[in-house]
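Participant: Test case, fold it:
(chains A and B)
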Amino acid sequence: MSSLLLIFSPIVLSLFVYFITRNSGYAKYIALALFGWMLFESITLYMQLPQTGYMLLGEFLDVKAFDFKLVLQVDRLSVIMLLLTSVLLILVTLSSWSMKNQAAYFALLIFFSGAIFGVFMSTNFLWFFIFWELTLIPMYFLVGVWGAEGRVYAAIKFFLYTHVASMFILLAFFLIYKQSGTFDMTMIKEAVLVTPTLIWWLLFIGFAVKMPLFPFHTWLPDAHVQAPAPVSVLLAGVLLKMGAYAMIRMVILMLPLEAQKYAWVILILGLLSLLYAGFMALYETHVKKMVAYSSISHMGLVAIAISAMSFESLSAGVYEMIGHAFIISPLFLIAGFFHHKTGSWQMGDMGGIMQKSPYVSAIFVLAGLGALGLPATMGFIGELTILISSIERFGTWLIIILLGSMLSAAYLIWTFRRVIYGEMSELVMKTEFSMSKVEFLSLMIFAILIVLFGIYPQPLFDMINQVFSGYVIGGAL
Amino acid sequence: MNTQITALLLLPFIGAIVTFVVGKYKKSLAFWFAEIIGITLFVLSFSIFMSWHEPLNFDFQWFTFGATTLPFGIYIDHLSLVMLLIATGLGALDIHFSHDYMAEEKDQARYYSKILFFIGGMILLVSAKELTGLFVGWEFMGLASYLLISFWHQNSAPADAGVAAFLYTKFGDIFLFAAIGLLIYYTGTLDMVKLNQPEINGSISTNIIYVIAVFIFIAAIGKSGQFPLFPWLMRAMEGPTTVSALIHGATMVNSGIYIVARLFDFYVAANALIVVASIAALSAFIGATSALVQDEMKKVLAYSTMSHLSLAFMGLGASSLAVGMTHLVNHAIFKALLFLSVGAVIMSTHHTKDVWKLGGLSHKLTLVALFMGMGILSLSGVPPFSGYFSKDAVLASALLNPQTHGFLSTLTIIAGVLSIAYGGRLWTLIFGGRVRDREIYEKATTPSLFWISLPLGIMAVSTLVLGFYHEKVINFIANQEYIEPHADWLLLFMMSAISLLALLVYYFYRRRYSLREKVSAQPFMKTIRQVLLNGYYIEVMITWFAKNIMVYSVAKSINWSEKHIIDGLVNGMVSLSHKIFILFEKTQSPKVSNQSGTMLLGVVLIVMIIFIGSVL
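Facilitator: Sure, this is the predicted structure:
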């Protein structure tokens, strides 16, 4: 029953939170306590997990006529996502400590947390889809209401893109139901399906928009630019991971034969994302757009890892997903902070911020170094493991993914030069950079995580390796 | 693992953190912490050196992903030990020197903690067993140099120089990264000792091993500032001079030579030494000639670093591992000495770097003049200084090796001989002759004996003493009785060329000053001077390519296509459905929001889905 609470208590609570705390500042404390409880529950789940396979948490709403049972079960992959999500939610709460219009903001955040837990916990396609769509609603408002000037355009573009993608996904789910007679994703056998190729393509395109892969990515930079910084963290750290999670779960593990056949498609799109977004970031002068393109570029790396479909590469891919979440979040937060203080997004208006705000700038540099894959950060381990495992699968020509690494070095180092180092611009000179202690604390935690798991990645890999070792034994890979 | 080695590996990094925290608390404490840690590191290296008799090998596992395990071993043999002694010894002297040189700096904590991090990177690099471990140290050094070169980040020039240093070396680094991937794929091991064994490197095809060797060498080119990735070395002069001494003498630039030496048998098997030799000869020539005309004291030394590293590479390229490495060791000492001497001059003349504003300083800075003179003599290869022995051996091995004999050896000899010209010129212009700028001369202060002259003296004495123990050094580096390559006429030739050039310099820059001005006013000489002054315009070309091709052509056109093609398609679809909407509704309201159009699109899609669903 507690599993059901994990999903629905936030969704129900969000309404109350809004009305109760509208006139007081308690919303953030409620959110923090709730997310803390969710993290605790996720850890408990992780402890109870069997070595392989799913653990059933409960079945609800048993409608006999129609396969509409809400089946909540988790395996190691979903619990890792739950852990990542709840950690990020806590850090996002800390970094939105001084957000305006708090009651509504945190109500939406709490609603989002319930929906996202639903996505990772339900194994019935219909419920998966319902939760998947539910995450869009708070996101739409978070971008559309708290955003900057062009927020309506961005929010609609975001909604539309992901909505059209959802249509593909829903169609695929109905096709699966029609052909196999069940909505239970753990029961699907590829051999039963009549048109596995069509289903594979529908699912792939649907999830590729979410991830996002080139050429379906253009909603993301716009949404990022308009979204307030903590919401960008949710977008990059949770929403994109949802796409990657679904890609691994349904496109790769559920339909391995089709995936083998079309692995090159994922690979090519991943490579294109990596390099295309790299060049986009190189030319970009808008700080947050640069970070957004860098984020797309790294998701391209995740796609490459997923496409190689081996034990090693999937582990590397999941590691890179987590690493990407921890690395890109402080970049977004700090880019947002600089904008909040100076009022400008343009790198040309900034410069010399290191002199005004040395510690925040130092964390920006550290996270940037993580993004360009410097050893002792998570970015390096991700890049190294993805390089090794994808070469193993596709051949040595894949060393061209290192071109992406060169590009990221170029745009990030230039960004440091233009934003952080050098002489102070007039705008920076007259700006007062002060950050609240709580917000700084969340940045510090990100920085520590980046370095800690960059030097000593074994605990993380211990968790990730077990995810896929079950599939290795089962011969699915 | 051996406690000494554990301490050696961890102390610099822990020390960097502690120094930073303590230094933020109280400014003056930063130096003392750094000094104590620096000396401890040297003592540790020295004690390992004294008790060492066979390679120390410790295997650890870093992490396991999937079913693959990446090891992280420590391996200390004679090559690592030499590098350890150099890095920690010169590092400690450098920290000691910084006490006065950086005395006016406000941010002591940041400075000393970065210096310790830098030394730590080098220690990690030379004691790693696998290429992965080496790569970690390799990148740490890249980071540390970036942070230290742009230490005065509030000014544009150092900030730009840091960018250049990071990107030039990073360009090389991705090739090393690629080599790591290729080696795992083809051999399954990154253990550098194993890679040297014929069972491993003989098992892959010669083309592949050649490509891997060249990839690793490209990384070495980047780090050691060889043609064409050298411009960052000169830009790096924007950093504090103590940092230049550390980069050019003790740590960073040596790592490129170290990696080729470490994988020497791999290079022999790959037949790639001729590539090393060719690049080395060309770089030696470029460096030595460009050093002749530089106006800034530190740039003369920077080009001379490039040239002398090339000589060390040449030694390796001519298949004499021990000779190349010995020259590296000797170079490290006299180059650190020269940089710190120049630092002393800069400090006492209140940040004058232009060599034409100095002159006649030997009266004021007698000790510095003496020690720097010894450094110059060692640099030029005058016996009995250590520089002579190794340079002579490098040139001899270049001559005797049939692969490098001829054009390459000629370039190398020219570069080797030219050292006296730029070295002598530099010394004469700073210390000798008449005083050119009376004001600077009058204001010049005498540096402190303990903080400035002592470290210089130690280095000057070492470069002299090592000359007498030359046999021992080279035997230790070769790890056996080593018979040096020898060419009978070379000594005679070198001595006469050096004397001739020394006379010429004396004449040109001291005696007949007017003659120099007359010669350099010639249009032809002016052109040559411009080319040399700009380092053959290599930097201009690379910058042009990066800026105009990569950013303003490729990136710009991709940016255009994002706006007009990919987004254009989507927006086009929306506006198309918008138009259809208007067509159907016939409402002439001027502003129909995009939303209604997009809503229609959604409706159309849902209808389509229902249609497809019913068909299937």
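Participant: right, and A:Leu198 touches A:Lys178 too?
Facilitator: No: between A:Leu198 and A:Lys178 there is no contact, the gap being 11.4 Å when judged by Cβ atoms under 8 Å. To be clear about C-beta, it is placed using only N, CA and C from the backbone, and glycine gets the same treatment.
Participant: More neighbours: these two, which one.
Facilitator: Each of A:Leu198 and A:Lys178 has its neighbours counted (other Cβ atoms under 10 Å in any protein chain shown); A:Leu198 has more, 16 against 13.
Participant: Below-threshold pLDDT in the chain: ranges please.
Facilitator: As the question left the chain open, I've gone with chain A. For chain A, the stretches with pLDDT under 70 are A:1, A:63-67, A:147-148, A:472-477.
Participant: was after chain B, sorry
Facilitator: B:1, B:511, B:513, B:581, B:584-616.
Participant: is it true that B:Asp160 touches B:Arg235?
Facilitator: Yes: contact criterion Cβ under 8 Å: B:Asp160 and B:Arg235 qualify, at 7.3 Å.
Participant: Compare these two and say which one has the larger neighbour count.
Facilitator: Counting neighbours by other Cβ under 10 Å for B:Asp160 and for B:Arg235 shows that B:Arg235 has the greater number, 22 against 17.
Participant: Please identify which helix or strand holds the residue lying closest to B:Tyr146 once chain neighbours are set aside.
Facilitator: Nearest residue to B:Tyr146, sequence neighbours excluded (Cβ to Cβ, 6 or more residues apart in numbering or on different chains): B:Phe166, at 4.1 Å. Element membership of B:Phe166, judged by DSSP states H and E, is helix B:156-186.
Participant: What is that helix packed up against?
Facilitator: Counting contacts by 3 or more Cβ pairs under 8 Å, 6 or more residues apart in numbering or on different chains; DSSP states H and E, helix B:156-186 is packed against helix A:378-394, helix A:401-415, helix B:131-149, helix B:206-224, helix B:231-235.
Participant: between the third one and helix B:156-186, how many degrees?
Facilitator: Orientation check (axes from the mean of the first three to the mean of the last three Cα atoms, to 10 degrees): helix B:131-149 against helix B:156-186 gives 180 degrees.
Participant: Show me how far helix B:131-149 is from its chain's centre.
Facilitator: Put simply, helix B:131-149 sits 10 Å off its chain's centre (Cα atoms, centre = their mean, to the nearest Å).
Participant: same thing with the first one?
Facilitator: Taking the mean of its C-alpha atoms, helix A:378-394 sits 19 Å from the chain's own mean (Cα atoms, centre = their mean).
Participant: tell me what it is packed against?
Facilitator: The helices and strands touching helix A:378-394, judged by 3+ Cβ pairs under 8 Å, 6+ apart, are helix A:287-308, helix A:311-342, helix A:358-371, helix A:401-415, helix A:437-455, strand B:61-65, strand B:68-71, helix B:156-186.
Participant: repeat for the fourth one
Facilitator: Here helix B:206-224 is seen to pack against helix B:131-149, helix B:156-186, helix B:254-262, helix B:264-270, helix B:273-291, helix B:297-317 when contacts are counted using 3+ Cβ pairs under 8 Å, 6+ apart.
Participant: Likewise for the second one?
Facilitator: Helices and strands in packing contact with helix A:401-415 are listed as helix A:256-283, helix A:287-308, helix A:358-371, helix A:378-394, helix B:156-186; criterion 3+ Cβ pairs under 8 Å, 6+ apart.
Participant: B:Thr445 - that's part of a helix, no?
Facilitator: No: per DSSP: H, G, I helix; E, B strand; the rest coil, B:Thr445 lies outside any helix segment and is coil.
Participant: what residues are up against it?
Facilitator: By Cβ atoms under 8 Å, 6 or more residues apart in numbering or on different chains, the contact set of B:Thr445 is B:Ser348.
Participant: B:Ser341 versus that one, what's the distance?
Facilitator: Going from B:Thr445 to B:Ser341 by Cβ to Cβ, to the nearest Å gives 15 Å.
Participant: With that, I have no additional questions.
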